[in-house]
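Participant: need a structure here:
(chains A and B)
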There are 2 protein chains.
Amino acid sequence: MRASAAACRMNLGTLLNGLLVSVVAALLWKCSKLSEQAFLLEEELHMAQRSQELSQARIDYHVALQALQEQGTRMVCTGKMHTDRICRFDYLCYSSEAEEFVFFQSNFSVMLPNLGSRRFQPALLDLSSVEDHNTQYFNFLELPVAALKFMPKPVFVPDATLILNRFNPDNLMHIFHDDLLPAFYTMKQYSDLDGEARLVFMEGWGEGPYFDLYRLLSSKQPLLKEHLKNFGKLMCFTKSYVGLSKMTTWYQYGFVQPQGPKANVLVSGNEIRQFASSVMKKMNITIVKTGESDRGTVEHENKGEANDQYVVIFSRSTTRLILNEAEVVMAIVQELQMRVVTVSLEEQSFPSIIQVISGASILVSMHGAQLITSLFLPRGAVVVELFPFAVNPEHYTPYKTLASLPGMDLHYMSWRNTKEENTVTYPDRPWEQGGIIHLEKEDQKRILKSKEVPRHLCCRNPEWLFRIYQDTLVDIPSFIELLKEAMKTKLNLRKGKATSTVHPGRVREAQCQTSVQTTKEAKLSVSWQIPWNLKYLKVREVKYEVWIQEQGENTYMPYILPQQNYTFSENIKPFTTYLVWVRCIFNKNLLGPFADVLTCRT
Amino acid sequence: MRASAAACRMNLGTLLNGLLVSVVAALLWKCSKLSEQAFLLEEELHMAQRSQELSQARIDYHVALQALQEQGTRMVCTGKMHTDRICRFDYLCYSSEAEEFVFFQSNFSVMLPNLGSRRFQPALLDLSSVEDHNTQYFNFLELPVAALKFMPKPVFVPDATLILNRFNPDNLMHIFHDDLLPAFYTMKQYSDLDGEARLVFMEGWGEGPYFDLYRLLSSKQPLLKEHLKNFGKLMCFTKSYVGLSKMTTWYQYGFVQPQGPKANVLVSGNEIRQFASSVMKKMNITIVKTGESDRGTVEHENKGEANDQYVVIFSRSTTRLILNEAEVVMAIVQELQMRVVTVSLEEQSFPSIIQVISGASILVSMHGAQLITSLFLPRGAVVVELFPFAVNPEHYTPYKTLASLPGMDLHYMSWRNTKEENTVTYPDRPWEQGGIIHLEKEDQKRILKSKEVPRHLCCRNPEWLFRIYQDTLVDIPSFIELLKEAMKTKLNLRKGKATSTVHPGRVREAQCQTSVQTTKEAKLSVSWQIPWNLKYLKVREVKYEVWIQEQGENTYMPYILPQQNYTFSENIKPFTTYLVWVRCIFNKNLLGPFADVLTCRT
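Facilitator: Residues are numbered from 1 along each chain as shown, chains lettered A, B, ... in the order given. Coordinates of the predicted model:
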């Protein structure tokens, strides 16, 4: 193309006379067009190569570019609120110059929801799993597709991509709770977010100490925000999903109210354990079968008791130390006749720690992010969380909440240092490690005198930091007593069968019959058939709940019955209309749905 | 397998002696096992064939069955509330005996959210796009996977399946608004819900008069609830999505409050038009380019004016008639010099009607479901909706709301019969066609006297039905005057350029400088750079809004400025901290996001 352009220019001299001027002009125009086209083609080829480099997945650059130019960006989201939204995009772009995502508008673009300026109040969606945090918002800039003509040619990302913010990739608890679990289950919602999906982390941090964990989510290398500029000024994701599901999180960090379990926990231990076993599989960890109770209806055998049981002590090596760790270990060995394995994030690889934890009977650790590893404990294990002096275990419960999730089948216990003489404080350290000397003298005094940190908001309460960074001399007698209790509970737990979580179906063929006895007395007979699923189940206790409400009244009378029919005569008036609801209950707490309400006239 | 079983039985006689009894027993056992296995294999083969018949997609029956038996059902949902939820399932099953969906629980099943009994309060999700309607709820029964052993072998559906309720498949308005548009965009959320997806309608109705429209959503035949039992007692969907997006609906039918536009409309005309053009493409309708204004920045030419313009009158042939339709047609032809085309659902095919409507300049119709076809009108067209006597157009606005969606680019006008002498009532008809003779005499009198139907709830208000089923003699002068006005507006609309809907990005590099003049006077200078996307745009008017708030105060002072910097001195106090917000505004109403707040101390 370039050669032919040059040839055209060479002929120019000989052809130049009055009559041929118009021919030359036409040729020139053609030449310049050709060379322009050649340039564009070369550029496209180049950009296509860059897109190719990015991934093994093939992409026809020209087709992609044309699709973008003609159709623009398309977005379809789920969720009513920005806190509850995940969006799927075709051709979402990112300008590394503006450091913003770009939505190209055309006659064929789609924006659902189309919020207008409400998109900025406060944002289209949360990019991390932490709810409504103002540093975690996602939005995009809009441009008409026509603007593409004036912009650098885009690099296309052919992979299905999940775009999200990691909330705090330095901290193991945050990594699992805020990032890995939400990303794992967000990916399960969309069939193209499979093991080949691309992840893009937009929070702007570096890889962080546990980047390998993020690599487990997909076989493709995750991209950081800082990587994006390597792919040119404009980068377009052919298929992407933006945002994270909050369905699996169980804890709120105290931005609005003091920290604690989320108001509406929607995850059970079963989903956490599915995630954990997927992570372990990817780490090539062989799960040691310890004969722990398994969920289901089949009875298990208690093989491999006692001898292969061991306690794991999670040791922190720089802050928040257990000062008499050796003594603690000795006491456990002597008093419980159990092996003790000490692990430490500073000294061992993460997978090797998980390998050990996945077979442990008891996990002991000072309060801290490392306790998130309890999600890898086998069913039936015990978590013992230690708290320094003046820190109330009831106020800091991310691990207690995790261990207590139904179906997690862990037993949680906390131990608290109640003896001030057993604590070592560090008022002189930097504030982020709990130092307090930067505070006013009076505040320092108050903190030193206090016997318990009052409830507080996140994230820099100096009294909290001061107390949580204390080292502790663990009081052996009280600690051993707790452990013995834990072992007892564990044994009792193991004897009990795994409980079924199957809910009853609705009762069938519910009906009522009425009769009037006297002017003041009447009878109301209600009968129904068992729920359809009951015939396939072994249920310890099946009961039925009947609610009877006089039409127009606000209150109702509830009855619990063991049989499938009953004749009510107490408080039943003649010539009155009653509404009757019936539902089945398994084992006292598994409530079924009510059958359609019956209208019964005496 | 059967033959070898028979052979075993034949040899039985010769082999029978004392020593060989144990051998025989072993053989018998083997034979019975073999025949059992053969039976199972035959059954599996048969079920595999049935699964195969259901679809061209291949499925390995044995693999599917094993997956179900080992892993059970897996569910991952989006959405916080049941009104906002769509769930993706692996191996969701349906028992036609119980007429219920079944979730098989195993150690590997996943249920997100795991709501326990809250799943019945009132339901897991809405199966139609109508919010929280108690006849439209979805739930499932639970069973342990172990129960599969005692149940009939399942038929597997290999297609990605969307399971939903049609809300009212007899009515064209409901079909488009409640079913087709929501299903279309629900399918856009999930990559495997493509043109090959299977749709299953669970509301329990028959095909209905417009089933062909539902067929447009996918190349596969949709299944009705009644079809499901043809596939055996237990049917399992390998991949399915349950529920519909409510993102595209714009109208609520008055179940809780009188009918009207939804409080929070999230769809724009652009998305409606994308859907319409997809439907037209599938109906092989060629879109007649009439040179109507197109959204975008390119200026259009007004080619093909006047002559090829025509008015469509949608005529109803049994109820709610325009009694002087011929006269109306004549008047339009004479007074507006435009062709008139009359269409009727009773006499023409739906695609042929859409073909006509897609090129019309004006659509005239009595209020009714047929007006939903206005979503196929070209941009710039006019919708004229006629209302019978005593029916207030402001109270019944599904089509007005549709036409007024931003980006729909339609002009809506209503005409109302104000002359009682021009209406013909039908008090003697059945109640569902507006008859009132079943009512008390007094109620009849009241209704006959009333000059306007008061606002009412759905769905059987007799006064509303009585009035809306009247026939109308259209008053020609007032109607023609309205049409002429419509034509004027249309011309004016066409002259105006299509307005851009690109919002400003945030202003960049916002900063403030302060100086103290006297003990009572200070100055606050704020400056910023234009939004990044502005350089690619032609915007008629760019303004900036600055909010200044004294720290700790509840109020702020807003300023609108044309330039990128300003020095404030009025009301600025020395030694005070001000919070300053800046945002850009395009063309008076396109608000951008605020830049990060500035903290400025004088």
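
Participant: check the gap between the residue nearest to residue A:219 when sequence neighbours are not counted and chain B for me.
Facilitator: Nearest residue to residue A:219, sequence neighbours excluded (Cβ to Cβ, 6 or more residues apart in numbering or on different chains): residue A:195, at 5.5 Å. For every residue, glycine as well, the C-beta is placed using N, CA and C. With distances taken as Cβ to the nearest Cβ, to the nearest Å, residue A:195 is found 15 Å from chain B.

Participant: again, but for residue A:349
Facilitator: 28 Å.

Participant: now residue A:368
Facilitator: For residue A:368 relative to chain B (Cβ to the nearest Cβ), the value is 28 Å.

Participant: how many neighbours does the closest residue to residue A:576 other than its chain neighbours have?
Facilitator: In this structure, residue A:576 finds its nearest non-sequential neighbour in residue A:602, 5.4 Å apart by Cβ to Cβ, 6+ apart. Using other Cβ atoms under 10 Å in any protein chain shown, residue A:602 has 18 other residues around it.

Participant: any chance you could map the strands in the stretch 301-450 of chain A?
Facilitator: In the stretch 301-450 of chain A, the strands defined using DSSP state E, counting those that start in this stretch lie at A:310-314, A:339-343, A:362-366, A:382-387, A:411-416, A:423-424.

Participant: I figured residue A:86 was touching residue A:240, is that so?
Facilitator: No: Residue A:86 lies out of contact with residue A:240 (Cβ atoms under 8 Å); the separation is 10.9 Å.

Participant: and these two? Which one has more around it.
Facilitator: More crowded of residue A:86 and residue A:240, by other Cβ under 10 Å: residue A:240, with 26 against 23.

Participant: quick one: list the elements packing against the helix or strand containing that one.
Facilitator: In this assignment (DSSP states H and E), residue A:240 forms part of strand A:234-242. Using 3 or more Cβ pairs under 8 Å, 6 or more residues apart in numbering or on different chains; DSSP states H and E as the contact test, the elements touching strand A:234-242 are helix A:61-71, strand A:86-95, strand A:155-164.

Participant: out of these, which is closest to residue A:141?
Facilitator: Residue A:141 lies closest, by Cβ to Cβ, to one member of those: strand A:86-95, at 7.6 Å.

Participant: what mean pLDDT does the very next helix or strand once past the closest one get?
Facilitator: Of the helices and strands lying after strand A:86-95 in sequence (DSSP H and E), the nearest is strand A:100-105. Here strand A:100-105 scores 98 as its mean pLDDT.

Participant: kindly export the helix or strand containing residue A:273 (C-alpha atoms) in CSV.
Facilitator: Using DSSP H and E, residue A:273 sits within helix A:269-282. Output of helix A:269-282 as CSV, limited to C-alpha atoms (Å, rounded to 0.1, in the frame of the first residue of the first chain):
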residue,chain,number,x,y,z
GLY,A,269,-22.2,-23.1,56.0
ASN,A,270,-22.9,-25.4,53.1
GLU,A,271,-22.1,-22.7,50.6
ILE,A,272,-19.0,-21.6,52.5
ARG,A,273,-17.8,-25.3,52.6
GLN,A,274,-18.4,-25.7,48.8
PHE,A,275,-16.2,-22.7,48.3
ALA,A,276,-13.6,-24.0,50.7
SER,A,277,-13.4,-27.4,49.1
SER,A,278,-13.1,-25.8,45.6
VAL,A,279,-10.1,-23.7,47.0
MET,A,280,-8.5,-26.7,48.6
LYS,A,281,-8.9,-28.7,45.4
LYS,A,282,-7.1,-25.9,43.4
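
Participant: residues contacting it, please?
Facilitator: Residues outside helix A:269-282 that contact it (Cβ atoms under 8 Å, 6 or more residues apart in numbering or on different chains) are A:180-181, A:184-185, A:213, A:216, A:248, A:287, A:295, A:354, A:358, A:375-376, A:379, A:402, A:405-410, B:107-112, B:114.

Participant: relative to strand B:100-105, how tilted is that helix?
Facilitator: Here helix A:269-282 points in a direction 50 degrees away from that of strand B:100-105 (axes from the mean of the first three to the mean of the last three Cα atoms, to 10 degrees).

Participant: what about helix A:269-282, distance to the chain center?
Facilitator: 13 Å (Cα atoms, centre = their mean, to the nearest Å).

Participant: swap in stretch A:118-125?
Facilitator: Worked out by Cα atoms, centre = their mean, stretch A:118-125 lies 22 Å from the chain centre.

Participant: mind saving the C-alpha coords of it as PDB?
Facilitator: This file holds the C-alpha atoms of stretch A:118-125, laid out as PDB (Å, rounded to 0.1, in the frame of the first residue of the first chain):
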ATOM      1  CA  ARG A 118     -29.800   9.400  39.300                       C
ATOM      2  CA  ARG A 119     -26.800   7.300  38.200                       C
ATOM      3  CA  PHE A 120     -24.600   9.700  40.200                       C
ATOM      4  CA  GLN A 121     -26.800   9.600  43.300                       C
ATOM      5  CA  PRO A 122     -24.600   8.200  44.600                       C
ATOM      6  CA  ALA A 123     -23.500   5.700  42.000                       C
ATOM      7  CA  LEU A 124     -24.600   3.000  39.500                       C
ATOM      8  CA  LEU A 125     -23.300   0.200  41.800                       C
END
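
Participant: follow-up on the earlier one: buried only: go through the contacts of helix A:269-282 for me.
Facilitator: Those of the contacts of helix A:269-282 that meet the buried threshold are A:180-181, A:184-185, A:213, A:216, A:248, A:295, A:354, A:358, A:375-376, A:379, A:402, A:405, A:407-410, B:107-112, B:114, by 16 or more other Cβ atoms under 10 Å in any protein chain shown.

Participant: so of those residues, which ones are in helices?
Facilitator: A:181, A:184-185, A:213, A:354, A:402 (DSSP state H).

Participant: just those now: which is nearest residue A:510?
Facilitator: Nearest member of these to residue A:510, counting by Cβ to Cβ, is residue A:185, at 37.6 Å.

Participant: give the contact list for that closest one.
Facilitator: Residue A:185 touches A:245, A:247-248, A:271, A:275, B:76, B:112, counting by Cβ under 8 Å, 6+ apart.

Participant: try 7 Å this time
Facilitator: Counting by Cβ atoms under 7 Å, 6 or more residues apart in numbering or on different chains, residue A:185 makes contact with A:245, A:247-248, B:76, B:112.

Participant: so which of those residues are in strands?
Facilitator: B:76, B:112 (DSSP state E).

Participant: stretch A:140-158: which residues count as buried?
Facilitator: For stretch A:140-158, by 16+ other Cβ under 10 Å, it's A:140-148, A:151, A:153-158.

Participant: stretch A:468-482 too?
Facilitator: Applying 16+ other Cβ under 10 Å to stretch A:468-482 flags A:468-475, A:479-480, A:482 as buried.

Participant: swap in stretch A:522-538?
Facilitator: A:522-524, A:526-528, A:530-534, A:536-537.

Participant: re the thing from before, switch the helices and strands packed on strand A:234-242 over to JSON lines; also include distance to residue B:174.
Facilitator: JSON lines is the format used below for the helices and strands packed on strand A:234-242 (distance: least, Cβ to Cβ, whole Å):
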{"stretch": "helix A:61-71", "distance to residue B:174": "30"}
{"stretch": "strand A:86-95", "distance to residue B:174": "27"}
{"stretch": "strand A:155-164", "distance to residue B:174": "35"}
